[in-house]
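1. Take a look and give me a structure for this.
(chains A and B)
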Amino acid sequence: MNQLPRIVLTGIGLTCPLGNDLPTYREALLAGKSGVSLFPVRNMGEQPAGVCDFDQTKYQKRKEIRVGTRAGSIAIYCANEAILSAGLNLDETDSSRIGIYLGITEHGNVETETEVCQLFDHYNEEVKYWTHHHNPRTVANNPAGEITVNLGLTGPHYTIGAACAAGNAGIIQGVQQLRLGECDFALAGGVSESIRAYGIFAGFKSQGALAAHEDPGKASRPFDKDRNGIVVSEGGCIYILERLDDAQKRGAEIIAEVAGYRINSDGTDYVLPNPERQEECMRQALANANMCPEDIDLVSTHATSTPQGDEQECKAVRNVFGESGNTLVNNTKSFIGHSMGAAGAIELAGNIPSFKDGIAHATINVDNLDPACALPGLVTGKPVQKSGGIKVILNNSFGMLGINSVLILKKFDA
Amino acid sequence: MDKEKVKQIVLDIIAEIAPDEDLNDVKSDIRLRDQLDLDSMDFLDIVMELRKQHGIDVPEAEYRQLESLDSCANYLLPKFEAGAAA
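-> Take a look at the predicted model:
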C-alpha cells in the first residue's frame, strides 16, 4: 500500500434524514436528535423510516425529476454538493477524467413495484400501459448514470452492488480506480431510495427484522435489549476523492486520507452474519493500513438494530478492539435508521468532523444496554470528547450474502 | 369536442410531461419540437397519456401526426368523436 498513491477526500455531498449538508447533520448527531419519522408504505400503513427532504429542484429540472428515479435525484444532489464542497470548477476540468462509483444495496425495486401496482390497480394488467421509462430507470447503473447526464460528465460511471456494505464499497472502488489511473477525480459513495418499495419493508417484516415502536424516534435502537429490527431509510453520500499530489497541486482543502480498507465474504449464509469473517475483515483492513487496533480512535459500527446482527458484530468488534484501551465505538443508525446502500458512506461522514472537534457522537436509544453488546469504549447517550483527539476512524459496513467492508480513514497529516 | 379543445388536451398533457416549458405562446402551425424542448421519449409520453387519460391509441406509424398542435387536432378530433359516440 505504501507504494501506491495516497488518496484523500476533498469534498462531501450528502442528504440524510438529519440534514442535507454535513454541518446540519453533525449538529443533530451531537444534539442526540433522531431523524426517524413515520412514512406511509404501500400495503403496510405508516412505518418508521428515515426520509430526506432535500430540494430536488436545486440541481434538476422538473422534467429530469419526472423521467428519472429518486435514487438518481439523491445521487445528483449529493454529486453537485460534493463538487461545490471540493471547490471543483467543472468548466476547467476534463470531464472525461471524472469517474463515478456509487454503492447500491439494490436498484429498480421502487420503479418496478410502482409500475406493477399501477398496472394492477388502474389498467387491468394490460402491458400497453407499461412505461417506456422503465428500463432506463431500472438499469443497475441508473443513479450513477443520472449524474453523468445531469452534469455532462464523460468519464466512467457504474454502481457497485454490495448489499448494505455498498457505501464503503463505492468509496473503495473510487480509491482503486484513482490508483489505477483510470480517473483523476472519483465521485464515490452510496445512495438508496429503498423506503419507496414496500417489498423491502415486507421482506424485513417476514424475516422478523423490521423495527416497530410506538415512537418512531425510538425504533432504531442498536445495542439496546429491546431492539427489534431495522428502520429502513433513504439517503446518499458522495465524496470527491483525489490522489494526494493532485489535490495539493490544485490547492484543495484536504478533509481526510484513506488509510486502508478490506472487503471479504462470509461464504456461509444468505442472511445471517458471520462474526469470524467480520473480525477477519477488520484485521485485514488494519493490516492494509499498517495499523494495530490501538491506532483506531473510533469504530463506527454497522449494527442495524436486529437482535442477532448487533450481537454478532459486537463479538467481532470485541475480539479486535476489546483490549485496545484507546478505541471508542459508536453507531449512527440509532439516529437515522439504515440507509442501506448509502449507510456506510453517510455514517462515515457523520464522524468525519471528529477529526477537528475530537468528539465521538453517541449511540442513542440505548435505554437498557444489552450485556452482549456492552463493548469497551461504547459511547451511548451523550457524545464523548476524546482526550488526545480522534485521528483514525474505522468504518464497518456489512451486507446480505455475507459481504463485509471495512474502511479506515485518518486525519490528514502532510 | 372541437379542434381547440383537442389542442388544449394536448397542451395539458405537455404541461405534465415537460413541466419546465412555457406553454403560453405555443404556435399551432409550428412543429412542437421546434418550439419546445421535447425529445422522442417525450412524444412517447404524449402517446401514453392519450392512451391512459383518453383511451386513444396512436399506432407507431402515425406518430408523425402529432408533430404540431394543428396536426394533433386534425388527427385526434375524429378519434375523440368516435370515442364519445361509442
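2. And B:Pro19, how far from A:Gln60?
-> Counting by CB to CB, to the nearest Å, the separation of B:Pro19 from A:Gln60 is 11 Å. Where you see a C-beta, it was placed from the backbone N, CA and C, and this is true even at glycine.
3. so B:Ile30 makes contact with B:Leu36?
-> No. With contact defined as CB atoms under 8 Å, B:Ile30 and B:Leu36 do not form a contacting pair (9.7 Å).
4. A:Met282: what's it in contact with?
-> The neighbourhood of A:Met282, defined by CB atoms under 8 Å, 6 or more residues apart in numbering or on different chains, consists of A:Arg262, A:Ala316, A:Val317, A:Val320, A:Leu394, A:Asn396, A:Val406.
5. ignore the last one, A:Gly161
-> Contacts for A:Gly161 (CB under 8 Å, 6+ apart) come out as A:Ile104, A:Thr105, A:Glu106, A:His107, A:Ala140.
6. and those residues, which of them are in strands?
-> Counted as lying in strands by DSSP state E, out of these, are A:Ile104.
7. Can you get me the start-to-end distance on stretch A:208-216?
-> 18 Å (CA to CA, to the nearest Å).
8. Once you drop chain neighbours, what's closest to residue 16?
-> Using chain A. The spatially closest residue to A:Cys16, leaving aside those adjacent along the chain, is A:Gly235, at 4.1 Å (CB to CB, 6 or more residues apart in numbering or on different chains).
9. other chain: chain B
-> Here the residue nearest B:Glu16, using CB to CB, 6+ apart, is B:Glu49, at 6.8 Å.
10. Just list the residues touching the closest residue to chain A within chain B, thanks.
-> Checking chain B residue by residue against chain A with CB to the nearest CB singles out B:Pro19 as nearest, at 3.9 Å. The neighbours of B:Pro19, taking CB under 8 Å, 6+ apart as the test, are A:Arg62, A:Lys63, A:Arg66.
11. Please list which of those are also close to chain B.
-> Filtering those for proximity to chain B by CB under 8 Å from any CB of the partner chain leaves A:Arg62, A:Lys63, A:Arg66.
12. what helices or strands is the helix or strand hosting B:Ile13 leaning on?
-> With elements taken from DSSP states H and E, the one containing B:Ile13 is helix B:3-17. With contacts defined as 3 or more CB pairs under 8 Å, 6 or more residues apart in numbering or on different chains; DSSP states H and E, the packing partners of helix B:3-17 are helix B:40-54, helix B:69-85.
13. what about the helix or strand that it is followed by, near chain A?
-> Following the chain from helix B:3-17 toward its C-terminal end, the next helix or strand by DSSP H and E is helix B:32-35. No. Helix B:32-35 does not reach chain A (CB under 8 Å from any CB); its nearest approach is 14.4 Å.
14. now helix B:32-35: how far from the chain's centre is it?
-> With CA atoms, centre = their mean, to the nearest Å as the basis, helix B:32-35 stands 12 Å off its chain's centre.
15. what's the neighbour count on the residue of the stretch 251-400 of chain A at minimum distance from chain B?
-> Using CB to the nearest CB, the closest approach of the stretch 251-400 of chain A to chain B is made by A:Gly341 at 26.9 Å. The burial metric for A:Gly341, expressed as a neighbour count using other CB atoms under 10 Å in any protein chain shown, is 37.
16. Got phi/psi on it?
-> phi -60, psi -20 (degrees, to the nearest 10).
17. burial measure for B:Lys52, as a count.
-> 16.
18. Quick check, pLDDT for it.
-> Among the per-residue scores, B:Lys52 shows a pLDDT of 97.
19. can you count the residues close to the nearest residue to it once chain neighbours are set aside?
-> Setting aside the residues directly before and after it, B:Lys52 is nearest to A:Tyr129 in space (CB to CB, 6+ apart), at 6.1 Å. A total of 15 residues lie near A:Tyr129 under the criterion other CB under 10 Å.
20. Could you do A:His132 as well?
-> 12.
21. how about it, what does it touch?
-> Residues in contact with A:His132 (CB under 8 Å, 6+ apart) are B:Met41, B:Leu44, B:Asp45, B:Met48.
22. so the first one sits right up against A:Thr131, yeah?
-> No. In terms of CB under 8 Å, B:Met41 does not count as a neighbour of A:Thr131; the distance is 10.2 Å.
23. Which one's more surrounded, those two?
-> The neighbour comparison of B:Met41 against A:Thr131 (other CB under 10 Å) goes to A:Thr131, with 17 against 12.
24. Which helix or strand contains the more buried one?
-> Since the elements are taken from DSSP H and E, A:Thr131 ends up inside neither a helix nor a strand.
25. Run through the residues that contact A:Gln30.
-> If you look again at residue A:30, you'll see it is Leu, not Gln. Counting by CB under 8 Å, 6+ apart, A:Leu30 makes contact with A:Ile359, A:His361, A:Pro383.
26. In chain A, which residue sits nearest chain B?
-> Of the residues in chain A, the one nearest chain B is A:Arg62, at a distance of 3.9 Å by CB to the nearest CB.
27. per-residue pLDDT, that residue?
-> The model reports A:Arg62 with a pLDDT of 97.
28. ok, how many other residues are close to it?
-> Applying other CB under 10 Å, we find 13 residues neighbouring A:Arg62.
29. correct me, but it touches B:Ile17?
-> No. Contact criterion CB under 8 Å: A:Arg62 and B:Ile17 do not qualify, at 10.2 Å.
30. With adjacent residues omitted, what lies nearest to the residue most central in space within chain B?
-> For chain B, the residue sitting closest to the mean C-alpha position, by CA atoms, centre = their mean, is B:Val10 at 3.7 Å. In space, and not counting its chain neighbours, B:Val10 is closest to B:Cys72: 4.8 Å by CB to CB, 6+ apart.
31. sorry, back to before: near the residue nearest to B:Glu16, how many other residues are there?
-> By the other CB under 10 Å criterion, the neighbourhood of B:Glu49 contains 18 residues.
32. do the one 5 residues further on as well
-> Burial of B:His54, expressed as a neighbour count using other CB under 10 Å, amounts to 15.
33. So which bits of stretch A:74-93 are buried?
-> When neighbours are counted by 16 or more other CB atoms under 10 Å in any protein chain shown, the buried residues of stretch A:74-93 are found to be A:74-83, A:85-86, A:88.
34. again, but for stretch B:58-78
-> B:Val58, B:Leu66, B:Glu67, B:Ser68, B:Leu69, B:Ser71, B:Cys72, B:Ala73, B:Tyr75, B:Leu76, B:Leu77.
35. wait, doesn't the second one sit right on B:Asp45?
-> No. In terms of CB under 8 Å, B:Leu66 does not count as a neighbour of B:Asp45; the distance is 11.2 Å.
36. now the strands for the stretch 201-350 of chain A?
-> According to DSSP state E, counting those that start in this stretch, the stretch 201-350 of chain A carries its strands in the segments A:232-233, A:235-243, A:256-265, A:298-300, A:328-330.
37. Nearest to A:Ala349, out of those?
-> For those, distance to A:Ala349 was read as CB to CB. The smallest value, 5.0 Å, belongs to strand A:235-243.
38. Can you give the distance of that closest one from its chain's centre?
-> That offset, for strand A:235-243, works out to 11 Å (CA atoms, centre = their mean).
39. Also compute the angle for it relative to strand A:256-265, please.
-> With axes from the mean of the first three to the mean of the last three CA atoms, to 10 degrees as the basis, strand A:235-243 and strand A:256-265 are set at 110 degrees to each other.
40. Next one: the helix or strand containing A:Gly72, is it in contact with chain B?
-> When elements are assigned from DSSP H and E, A:Gly72 belongs to helix A:70-85. No. Legend: contact between helix A:70-85 and chain B by CB under 8 Å from any CB is lacking; minimum distance shown is 14.6 Å.
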